[in-house]
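In: Let's see this in three dimensions:
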Amino acid sequence: MSSAKLPKTAPGIATPLLAWYDRHARALPWRISPDDRTQGVVADPYRVWLSEIMLQQTTVQAVKPYFAAFVDRWPSVEDLAAAETEDVMKAWAGLGYYSRARNLKRCADVVAADHNGRFPDTEEGLLALPGIGPYTAAAIAAIAFDRPAAVVDGNIERVFTRLFEIETPLPAAKTEIRAFVAEATPADRPGDFAQALMDLGATICTPKRPACALCTLSADCQARISGRQEQFPVKLAKKVKPVRLGAAFVAERGDGAVLLVKRPDKGLLGGMSGVPTTNWTVRADGETGARSAPFEAGWRSKGVVSHVFTHFELRLEVFHAVVTAIPDHEGWWSDSDSLPGEALPTVMKKALGAAYPALFRKGKK
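Out: Numbering: from 1, shown residues only. Here you go, the predicted structure:
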């Protein structure tokens with residue numbers, strides 16, 4: 001365990017940090033600004049929840065356009081509950097970690113049906129909803145309902161391990177960090193306190209070359225005092241990710257439409273659309289080569305695309321064929337106008353880009 005002890009200064013962090021936040025808070029589309037709060041504006045739990053789910057394992061810049069599109073199309077949790085699951089998956093396509101989208105729809109259904117469209121205002125109540133874990137429950141409780149919950153994301157982990165030189169490596173240090181955050185969280189404005197820590201980590205206490213001279217907490221930061229800022233948080237050496245192999249088959253009809261299939265609802269990329277592939281999984285390779293194609297055609301290799309998932313790297317050999325006879329195969333044909341709107345995960349976009357760049361150019365949604 002770390003030799004760090006909970007310092008007497010921990011509860012005193014809030015005052016200077018909130019003063020800094022009032023001056024420098026990031027303007028984010030899901031956030032109530034400090035100025036708005038002074039005017040009596042309150043946070044919308046739906047927008048807070050939606051943003052927190054989207055921000056898991058994803059950057060703020062990547063989330064912004066998706067968030068705007070969601071709230072424009074489904075401005076309330078009841079609207080999202082009334083949506084078709086396939087439409088939600090299509091709107092989520094490209095954001096990754098697709099189990100989040102399935103749980104998003106399930107959670108909206110539960111809130112609309114069982115809670116009259118109102119999110120529970122406690123961590124315990126929020127934890128009972130689909131797709132909401134301890135971090136998300138704490139974040140929603142604090143930011144949307146001003147509950148004094150200990151919110152700990154990656155930015156906050158970095159800030160606190162540096163402030164108190166927590167030597168315990170992550171992820172083992174999470175419990176220790178949470179104790180520090182709980183002690184420091186004020187009863188007044190706990191949501192702003194959590195967002196202030198997030199902003200400090202994102203803009204000042206960055207992973208590399210932190211701007212300590214601009215940090216409102218620098219005088220008490222033990223890592224800064226010892227000159228070891230960039231040594232925290234301590235992390236164990238990363239394991240080398242295994243490589244899985246498979247093949248993807250882009251079948252093009254004479255009019256340019258492409259054959260798509262829906263992946264099984266359970267498992268990686270569950271419920272998403274894509275071209276036919278061999279049966280690769282997190283733990284096993286799929287078949288490779290043109291002989292593993294789902295039906296006979298003039299398959300030609302278009303190279304290999306690579307995509308890194310959380311626990312492994314996938315390398316797909318991509319094949320392309322123009323079919324003259326419509327194969328007896330499940331799925332549907334998507335033309336050039338419809339294809340960008342399909343629920344295609346990034347790895348499938350890569351496969352299409354390798355096989356048919358004129359139809360699905362890199363970066364096109």
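In: Spell out which residues make up each domain of this structure.
Out: The record's domain parsing of the chain by automatic domain parsing lists 10-231, 243-355.
In: Least confident of these, on average?
Out: Mean pLDDT per stretch puts domain 243-355 lowest among those, at a mean of 91.
In: how much space is there between residue 126 and residue 188?
Out: Using C-beta to C-beta, to the nearest Å, one obtains 21 Å as the distance from residue 126 to residue 188. Just so you know, the C-beta spots here come from the backbone N, C-alpha and C atoms, and that holds for glycine as well.
In: For the lengthiest helix in the chain, name the packing helices and strands.
Out: Longest among the helix segments of the chain by residue count, using DSSP state H, is helix 99-114. Helix 99-114 is packed against helix 45-55, helix 77-82, helix 85-92, with contacts defined by 3 or more C-beta pairs under 8 Å, 6 or more residues apart in numbering; DSSP states H and E.
In: Which of those has the highest mean neighbour count?
Out: With neighbours taken as mean count of other C-beta atoms under 10 Å, the helices and strands packed on helix 99-114 reach their highest mean count in helix 45-55, at a mean of 22.
In: Next secondary structure after that one?
Out: Heading C-terminal from helix 45-55, the first helix or strand you meet, by DSSP states H and E, is helix 60-73.
In: Pull out the buried residues from that next one.
Out: When burial is assessed from 16 or more other C-beta atoms under 10 Å, helix 60-73 yields the following buried residues: 60, 63, 66-67, 70-71.
In: One more: stretch 202-218?
Out: Neighbour-count burial for stretch 202-218, counted by 16+ other C-beta under 10 Å, picks out 202, 204-205, 210, 212, 215-218.
In: First-to-last residue distance for that stretch?
Out: Separation of the first and last residues of stretch 202-218 by C-alpha to C-alpha, to the nearest Å is 15 Å.
In: what does stretch 220-233 give?
Out: Across stretch 220-233, the straight-line distance between its terminal residues is 17 Å, by C-alpha to C-alpha.
In: One more: stretch 84-100?
Out: As for stretch 84-100, its first-to-last residue distance stands at 16 Å under the measure C-alpha to C-alpha.
In: which outside residues touch that stretch?
Out: With contacts defined as C-beta atoms under 8 Å, 6 or more residues apart in numbering, stretch 84-100 is touched by 53-54, 56-58, 62-63, 66, 69-70, 73, 80, 101-102, 104-105, 131, 269-273, 310, 341-346, 349, 365.
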